[in-house]
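Visitor: no FASTA, just this:
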């Protein structure tokens, strides 16, 4: 049993060494393939993928409209839980359809609402409203419209609580949030590395020719008695 396990470990070690040797032998082509795919990924990201910009505003969620009284911890906890409810209201057709009509947005509601993200900031009662669009001005206008319409829609729907603006809508029109050049380049480089390495390994596995006496001994279990050298024939001058 021990001999069998030792033999198996030796075979695994030899196989891993052979794989390494194959990759090492073709390292230059693998490197060029990796760099080529990385450059291709960068060029696709820069010239073929439409960049998107993100506008954002934050609002604070209250559990009651009258905030003159002292706010308790229970009220803060309740406000945190209300963010999910307010998110549904803000992303509803009641709020979004008028915005799309006013800004002449011709997308389908289902597609457009996917560009709107409403979530709690670090599990607090502060609510972040984010909109992504290929036009930074459109993204900013949508966030502004949501900020203007959200308080009335929430109060009339929930009939309790309110939301107040913490930070006004803002968009960085100079830096898109997607696509990420670094991320796409890294992914393309990894694909190039994986595919090129796999291709060379596959070619090596499909090659069943004997290239050395070690191959004969390993594959056929025969001991090499001798080697016949090969020489190039010399061309005779006419």
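Guide: Cool, got the structure. These numbers were taken from a predicted model, which means no experiment stands behind them. Numbers count the residues shown, from 1 in each chain.
Visitor: From here on, just use CA atoms for contacts and neighbour counts.
Guide: Fine.
Visitor: beta partners for residue 170?
Guide: residue 56 (DSSP bridges).
Visitor: Give me the secondary structure label for the closest residue to residue 165 other than its chain neighbours.
Guide: Of all residues not flanking residue 165 in the chain, residue 59 sits nearest, at 4.3 Å (CA to CA, 6 or more residues apart in numbering). Secondary structure state of residue 59, per DSSP: H, G, I helix; E, B strand; the rest coil, is strand.
Visitor: where exactly do the strands run in the protein?
Guide: 53-62, 116-120, 126-133, 162-171 (DSSP state E).
Visitor: May I see the ones you listed arranged in JSON lines, with mean pLDDT as well?
Guide: Shown next, in JSON lines, are the strands of the chain (pLDDT from 0 to 100):
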{"stretch": "strand 53-62", "mean pLDDT": "91"}
{"stretch": "strand 116-120", "mean pLDDT": "92"}
{"stretch": "strand 126-133", "mean pLDDT": "94"}
{"stretch": "strand 162-171", "mean pLDDT": "90"}
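Visitor: can you pull the buried residues of the longest helix along the chain?
Guide: In the chain, taking DSSP state H as the definition, the longest helix is helix 181-206. Applying a neighbour-count criterion of 16 or more other CA atoms under 10 Å, the buried positions in helix 181-206 are 184-193, 196-197, 200-201.
Visitor: burial measure for residue 122, as a count.
Guide: By the criterion of other CA atoms under 10 Å, residue 122 has 9 neighbours.
Visitor: same thing with the one 4 residues further on?
Guide: Burial of residue 126, expressed as a neighbour count using other CA under 10 Å, amounts to 22.
Visitor: What of the one 10 residues further on?
Guide: Applying other CA under 10 Å, we find 23 other residues in the vicinity of residue 136.
Visitor: ok so, going back, let's have the strands of the chain in TSV, adding distance to residue 95.
Guide: Formatted as TSV, the strands of the chain follow (distance: least, CA to CA, whole Å):
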stretch	distance to residue 95
strand 53-62	16
strand 116-120	12
strand 126-133	13
strand 162-171	15
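Visitor: Quick one: mean pLDDT over stretch 24-43.
Guide: The average pLDDT for stretch 24-43 rounds to 95.
Visitor: Over to stretch 103-111?
Guide: Stretch 103-111 shows a mean pLDDT of 94.
Visitor: contacting residues around it?
Guide: Here stretch 103-111 makes contact (CA atoms under 8 Å, 6 or more residues apart in numbering) with 93, 96, 97, 100, 138.
Visitor: out of those, which is most surrounded?
Guide: When neighbours are counted by other CA under 10 Å, residue 96 leads those with 21 neighbours.
Visitor: Provide a list of residues in contact with that one.
Guide: 90, 109, 113, 146.
Visitor: Relative to residue 150, how far out is it?
Guide: Note on residue 96: its distance to residue 150, by CA to CA, to the nearest Å, is 10 Å.
Visitor: swap in residue 107?
Guide: In this view, residue 107 and residue 150 are 21 Å apart by CA to CA.
Visitor: Which one's more surrounded, these two?
Guide: Neighbour comparison, residue 107 and residue 150: the larger count goes to residue 150, with 22 against 10 (by other CA under 10 Å).
Visitor: Roughly how far does that one sit from residue 207?
Guide: Distance from residue 150 to residue 207, by CA to CA: 68 Å.
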